[in-house]
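**Student:** One predicted model, sequence on top.
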Protein chains: 2
Amino acid sequence: MSINIDKLLTLLQDALERDDFDAAIKIIEALRGPDQAVLFDELEEDEQKELLPKLKNEISADILEDLDDPEAVKLAESLPLETIIQIVDEMEPDEAADLLGDMSDEQSQALLTRLHDADEVRPLLLYPDESAGGLMTSEFLALHPLMTAGEATEALRAWNPDSEEIYYLFVADDEENLVGIIGLRVLILADPNSVIEKIMDRDVISVNASVDQEDCARTMAHYDLAAIPVVDESGLLIGIITHDDIVDVLEEEATEDVYRLSNLSDSELDPDSPIKEQLKGRLPWLYLNTLTALFGAWVISNYEHIIAQAAVLALFQSVVAGQGGNTASQNIAMAVRTLATEHVGARAQRRIIIRQFFMGILLGVAVGSVVALGVYLWRGNIYLSFVLGLALVANLSFGSMIGVLIPLGLEKIGVDPALASSVLVTAATDSLGFFIFLSLAAHFLQEIQ
Amino acid sequence: MSINIDKLLTLLQDALERDDFDAAIKIIEALRGPDQAVLFDELEEDEQKELLPKLKNEISADILEDLDDPEAVKLAESLPLETIIQIVDEMEPDEAADLLGDMSDEQSQALLTRLHDADEVRPLLLYPDESAGGLMTSEFLALHPLMTAGEATEALRAWNPDSEEIYYLFVADDEENLVGIIGLRVLILADPNSVIEKIMDRDVISVNASVDQEDCARTMAHYDLAAIPVVDESGLLIGIITHDDIVDVLEEEATEDVYRLSNLSDSELDPDSPIKEQLKGRLPWLYLNTLTALFGAWVISNYEHIIAQAAVLALFQSVVAGQGGNTASQNIAMAVRTLATEHVGARAQRRIIIRQFFMGILLGVAVGSVVALGVYLWRGNIYLSFVLGLALVANLSFGSMIGVLIPLGLEKIGVDPALASSVLVTAATDSLGFFIFLSLAAHFLQEIQ
């Protein structure tokens, strides 16, 4: 973004403070749609409520479409019904449905009875937000296979949709079954008298409306599609999804991966989210991690008498536990992203498991030997160094294995590998790290003291 | 992907074992391009080398385009020059340039002197892989502003590019300066006699060839563009980038975020990468983490005499350190993804810092009080519980603050916040966690023993 948001924001807020709405509107209107939303998003809530009804309805609609869902809902619910009806009528049907789906039942019913395009919006409300049906728009043009190219061009002229970007047209038969696809370039270059059926491509890739949005986005990305038709259970064409939606979905899913690996369950959180929502998304995972940490403390408690005799052990137990965890985290990260973006066949899985077994030993020897040497130089006790080095080899080997086995296993049983891998693996590498180190040390207690 | 890769792979490998290349080719040709690559990717290296030259050149080209870069290079380098020339000639210029850029200088020179499309490929070699110039293709059609719509349609007909998907056409003046853009829909619906200049959109969003690929992808995603023109320093139109490229870039960048947060520096690694590359990408970070862990051990060593008197402290020091780290990780994840996907203004930053200050205290009290209670029930020592609870409040508050301050600070000085946040923050929460807990405990040593 090449615009200077901070500077424009100052200008805009100054104008609003002076109640100079003409100036404020001019600042907004000079920007491109997505930038209008970015700037608007920076305003205080009361400034937003004041400004939105004063903008042109198309602009307000674009802004509401681009705001984060919770913010858009909050803002929409705070406006008078008359105002919000006019704005929502200008929104694209899929965006309008998303907004209505998140509003209170009462408000969304009130809106639906008054909207001009209610018939386009209502069917979209049937599908969950996170499905292909929740992503699609009902604003599409379906051609008939027996039309001519010239008639198709006329149909395109008559259609004149809100959204300006069209990449392909879809072809449906008398029963509305999807039977073909035709790119605009083919249509331009075709003889106006040629029949659509003859020039269309019959190999159409479509998704079912109930398919998860991530699978849908992966299909579009895999086949490099700019748009994909959505069909219902019986193969009827009911909507389309365009490339800009899949970028949003893939970003959302990537954020979800990052969050889940960092023990955050709610992918809509950001550092600026309300305290209550952050507590809800963060605290359960912190408690779960605390529980596993206390289990680690219990493991150590079995060796309390040994630590009492050789307090030096307390210095290094966390090094063993922590480096096992770090090794495992590297494997989890690789496994989670690879499973998310590629096909991992049975043969590849076996190869991965064997490779990570050797990786673990190598990393364990590499880290263990350096630590053993360093700690020998520091503390001058060869037994302590030996126990520490050996424990690191064992725990890094274990961490490496479990760091691929748990994500692969979770994927196999249909659980998102990003979701639970991190907690499970840390619990295992911590507890096992403490156990290996302290039980080995117990054998050499006389020498380590 | 609805195809059954594992089953097809067995069929394909059986055919190859019988030297029945006709059957093998049929299996490949029955699939869509991207699926051909997925299946091919599962073959053993020697099978790949045997099969590729026997496929049609267009198919081999598509497969090479879809393979991961290192694999494609390895395969290309292993084939006879004659074979690889024919295949590369069928590749899209940007993909051919990527491949040549990664091959040995000797081989890429040999190829360049023999390629038909060398003139299209050579200019693309000037730009780094990770820039807009490295992403663009030189295969585009530029219209002249004084052409008519009819002439533009004729130009489109005469062009007939390798890639079938065209979304917009770009308009350049006599000096090849980019002056406008026109969607195919507008062209279809225009009177054939109307002049392009009159119907084109003059508000063109373009990127400079030297711009980083992530910034370029973000611009396209922000403005929902299906394609973006690339210009050089003087504004000359030199290429275009299409939506499928930006999906790949955003996926790559998301993977990079996940990897960097998990201490992996090479975003091309996967669990199946060669041992040597994994060691190179993993070991330096493990050593760095080990170093910070040993610093933590040194912090503890200052309290060794206290632990010798109250070994119970060794049980809980890691709980304080670990939960501070977990709290900070949550903040880092939120900050990194928010900075990657949104504009965070100065005002928002201040709000975030204040909010996370309070969040830290709240989370600290929530976790600290529960742990204090639990440990009191377990060990029955109120002083130990008090010290532990207080240390948790302090370390979680600290973790929460540093978990936003470090990413925001790194972003400000132009360092990727995902890169170093994790190591820096863990080092801080570990060391401070040990220090707070053990130094507090030192004050109550008589009571805790």
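**Tutor:** Yes, it's here.

**Student:** any weak-confidence spans in the stretch 151-300 of chain A?
**Tutor:** Within the stretch 151-300 of chain A, the stretches with pLDDT under 70 are A:162-165.

**Student:** quick one: contacts for residue A:15?
**Tutor:** Neighbouring residues of residue A:15 by Cβ atoms under 8 Å, 6 or more residues apart in numbering or on different chains: A:21, A:23, A:24, A:27. C-beta here means a position set from N, CA and C on the backbone, and glycine is covered the same way.

**Student:** Return the closest of these with respect to chain B.
**Tutor:** Taking Cβ to the nearest Cβ as the measure, chain B lies nearest residue A:27 of these, at 15.5 Å.

**Student:** Secondary structure class of that closest one, three-state.
**Tutor:** Using DSSP: H, G, I helix; E, B strand; the rest coil, the structure places residue A:27 in helix.

**Student:** so what's it up against?
**Tutor:** By Cβ under 8 Å, 6+ apart, residue A:27 lies in contact with A:8, A:11, A:12, A:15, A:39.

**Student:** re earlier: filter the contacts of residue A:15 to the buried ones?
**Tutor:** A:24, A:27 (16 or more other Cβ atoms under 10 Å in any protein chain shown).

**Student:** Out of the contacts of residue A:15, which two sit at the greatest distance?
**Tutor:** Spanning the widest gap among the contacts of residue A:15 are A:21 and A:27, at 10.5 Å by Cβ to Cβ.

**Student:** Could you report the distance from whichever residue of the stretch 51-200 of chain A sits closest to chain B to residue A:157?
**Tutor:** Of all residues in the stretch 51-200 of chain A, the one sitting closest to chain B is residue A:184 (4.0 Å; Cβ to the nearest Cβ). Between residue A:184 and residue A:157 the computed distance is 13 Å (Cβ to Cβ, to the nearest Å).

**Student:** Likewise for residue A:432?
**Tutor:** Per Cβ to Cβ, residue A:432 is found 70 Å from residue A:157.

**Student:** And for residue A:380?
**Tutor:** Look at residue A:380 and residue A:157: by Cβ to Cβ, they are 88 Å apart.

**Student:** hang on, the earlier thing: residues in contact with the residue of the stretch 51-200 of chain A closest to chain B?
**Tutor:** Shown in contact with residue A:184 (Cβ under 8 Å, 6+ apart): A:166, A:167, A:168, A:169, B:166, B:184, B:185, B:188.

**Student:** So what does it look like in phi/psi?
**Tutor:** Backbone torsions for residue A:184, taken as degrees, to the nearest 10, come to phi -60, psi -30.

**Student:** got it, and residue A:230?
**Tutor:** phi -110, psi 130.

**Student:** Spell out the residue ranges of the strands in the stretch 1-150 of chain A.
**Tutor:** Taking DSSP state E, counting those that start in this stretch, the strands of the stretch 1-150 of chain A run over residues A:142-143.

**Student:** Spell out which parts of it neighbour chain B.
**Tutor:** A:1, A:5, A:6, A:9, A:32, A:33, A:34, A:38, A:42 (Cβ under 8 Å from any Cβ of the partner chain).

**Student:** Restricted to buried residues, select those residues in PyMOL.
**Tutor:** Per 16+ other Cβ under 10 Å, the buried members of the residues of the stretch 1-150 of chain A next to chain B correspond to this PyMOL selection:
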select buried, chain A and resi 5+9+33+34+38+42
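
**Student:** any chance of the residues of the stretch 1-150 of chain A next to chain B in CSV, plus pLDDT?
**Tutor:** Listed next are these as CSV, based on pLDDT from 0 to 100:
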residue, pLDDT
A:1, 45
A:5, 82
A:6, 82
A:9, 91
A:32, 90
A:33, 87
A:34, 89
A:38, 89
A:42, 87
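
**Student:** Helices - which of the residues of the stretch 1-150 of chain A next to chain B land there?
**Tutor:** Here DSSP state H is the test, and the residues of the stretch 1-150 of chain A next to chain B give A:5, A:6, A:9, A:33, A:34, A:38 as lying in helices.

**Student:** Verify the stated contact: the first one with residue B:343.
**Tutor:** Yes: Residue A:5 lies in contact with residue B:343 (Cβ atoms under 8 Å); the separation is 5.8 Å.

**Student:** Mind listing the shared neighbours of those two?
**Tutor:** Jointly contacting residue A:5 and residue B:343 under the rule Cβ under 8 Å, 6+ apart are residue A:38.

**Student:** Could you break chain A into its assigned domains?
**Tutor:** Domain assignment for chain A by automatic domain parsing gives A:5-126, A:142-243, A:275-448.

**Student:** Endpoints of the last one, how far apart?
**Tutor:** Right, domain A:275-448. Length of domain A:275-448, first residue to last, Cα to Cα, to the nearest Å: 49 Å.

**Student:** now swap in stretch A:96-113 and tell me
**Tutor:** The first residue of stretch A:96-113 is 14 Å away from its last residue (Cα to Cα).

**Student:** what does that stretch contact?
**Tutor:** For stretch A:96-113, the surrounding residues in contact (Cβ under 8 Å, 6+ apart) are A:64, A:69-70, A:72-73, A:76-77, A:81, A:84-85, A:88, A:91, A:115, A:117-118, A:121-122, A:124-125, A:129, A:134.
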